[in-house]
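In: Need a 3D model of the following:
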Amino acid sequence: MEQIYNFSAGPAVLPQPVLKQVQEELLSYKGSGMSVMELSHRSEWFEEILAGAEVLLRELMGIPDNYKVLFLQGGASLQFTMVPLNLAHSKKAAFVNTGSWSQKAIQEAQKLTEAVVVASSEDQNFHYIPEILEVPKDASYLHITTNNTIEGTAFFDIPQSEIPLVADMSSNILSNDYRVEDFGLIYAGAQKNIGPAGLTIVIVREDLIGQVPDLPVMLDYAVQAKNHSLYNTPPTFAIYVAKLVLEWIKSEGGVTEMERRNREKAALLYTYLDQSKIF
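Out: Purely as a prediction, here's the structure:
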């Protein structure tokens, strides 16, 4: 089989050892006689997969006990709505506008609450990370996009905020070694760094959920947390593959090693571009 170089931002490359293990277990998972895609999400087999995935993610990211880990659907784009629904409490929300994904998050929040842009790099076509001079103290949260795939910028120094910091970390979760305690909520589509499309991970501090009554159940973090991401049928196959990727990351040295490798690869590329007479 010819192996190609796949530079897609997502669905992105999965580690070869993971794909081989998926192939080996595809027809019968651990002697169950069923594919993972056929296992009931209420079965002991899948409950073990789900619990194992959470344990690994907590270990790799150093997630404190007072944070809930949710395995959801709808992509990061659904979180543009879920975050203000659950966190805004009819108060304004603050945003740092660093590109197309930030803009989409702002547009969706504006449908539910007042969205205030406290810093923006739009004046230079989003070619830099803007300085945050002031955040309204009465804002419910401050939203950033940690890595902007289209614009090529990223937050390496996380802003310190008196209000909860919310991060769309879809593009660089598990490839940058952030402190979870610096955030009130992190969300990420899994298809860039963790697994197949269809899975979305939310890491949210406990005190931020359950504050808004009568939310639609599928959009309520408290309901999802109470039911351990099993209120309805979750994306079982995507969670299974994600667990295998998390195992692989751990075996390769964890998030610190992933960041080191990424910086090394980036240095090769940018050094070449800097020396090039074409670019």
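
In: can you map out the helices along the protein?
Out: Using DSSP state H, the helices of the chain run over 16-25, 44-61, 75-87, 100-109, 221-226, 236-251, 254-275.

In: Out of these, which is closest to A139?
Out: With C-beta to C-beta as the measure, helix 75-87 is the member of those nearest A139 (10.2 Å). No exception for glycine: its C-beta is placed from N, CA and C like everyone else's.

In: Mind listing residues that contact the closest one?
Out: Residues outside helix 75-87 that contact it (C-beta atoms under 8 Å, 6 or more residues apart in numbering): 72, 74, 93, 101, 104-105, 107-109, 111-113, 115, 140-141, 143, 164, 166, 168, 170, 184-185, 187-189, 197, 200, 202, 208-209, 211-212, 215, 219-222.

In: From these, which land in strands?
Out: Residues of these located in strands (DSSP state E): L72, A93, A115, H143, V166, D168, L185, Y187, A188, G189, T200, V202.

In: Any figure for the gap between the fifth one and L208?
Out: Summarising the geometry, the distance separating V166 from L208, computed by C-beta to C-beta, to the nearest Å, is 9 Å.

In: With the fourth one instead?
Out: Using C-beta to C-beta, we find H143 at a distance of 13 Å from L208.

In: Compare those two and say which is more crowded by neighbours.
Out: H143 (27 against 20; other C-beta atoms under 10 Å).

In: Touching, that one and M169? I think so.
Out: No. The criterion here is C-beta atoms under 8 Å, and H143 misses it with M169 at 11.5 Å.

In: hang on, the earlier thing: give the intersection of the neighbour lists for V166 and L208.
Out: L87, G184, L185.

In: Which one of those is nearest to E151?
Out: L185 (22.6 Å).

In: Give me the neighbour count for the closest one.
Out: 26.

In: mind starting the numbering at 35 from now?
Out: All right, first residue 35 from here; so that's L219.

In: tally of neighbours for F129?
Out: Using other C-beta under 10 Å, F129 is surrounded by 25 other residues.

In: contacting residues for it?
Out: Counted by C-beta under 8 Å, 6+ apart, F129 has contacts S136, A139, I140, A143, A149, V150, V151, V152, L176, H177, I178.

In: same thing with I237?
Out: L91, M95, I97, Y101, K102, V103, L104, V214, F217, L219, I220, Y221.

In: For I184, state which of the residues you listed is nearest.
Out: Checking the contacts of I237 one by one against I184 (C-beta to C-beta), the nearest turns out to be Y221, at 18.3 Å.

In: Against Q57, how distant is that closest one?
Out: 30 Å.

In: ok, now E168?
Out: Looking at E168 against Q57, where the rule is C-beta to C-beta, the gap reads 53 Å.

In: What number of residues are in the vicinity of the residue nearest to A188 when sequence neighbours are not counted?
Out: With C-beta to C-beta, 6 or more residues apart in numbering as the criterion, A188 has its nearest non-adjacent residue at 4.4 Å, and that residue is N181. The local packing of N181 (other C-beta under 10 Å) involves 24 other residues.

In: Can you check the pLDDT for N181?
Out: On pLDDT, N181 comes in at 95.

In: Now do the same contact list for it.
Out: By C-beta under 8 Å, 6+ apart, the contact set of N181 is T187, A188, F189, M203, S204, S205, N206, N210.

In: Roughly how far does it sit from I312?
Out: To I312, N181 is 26 Å away according to C-beta to C-beta.
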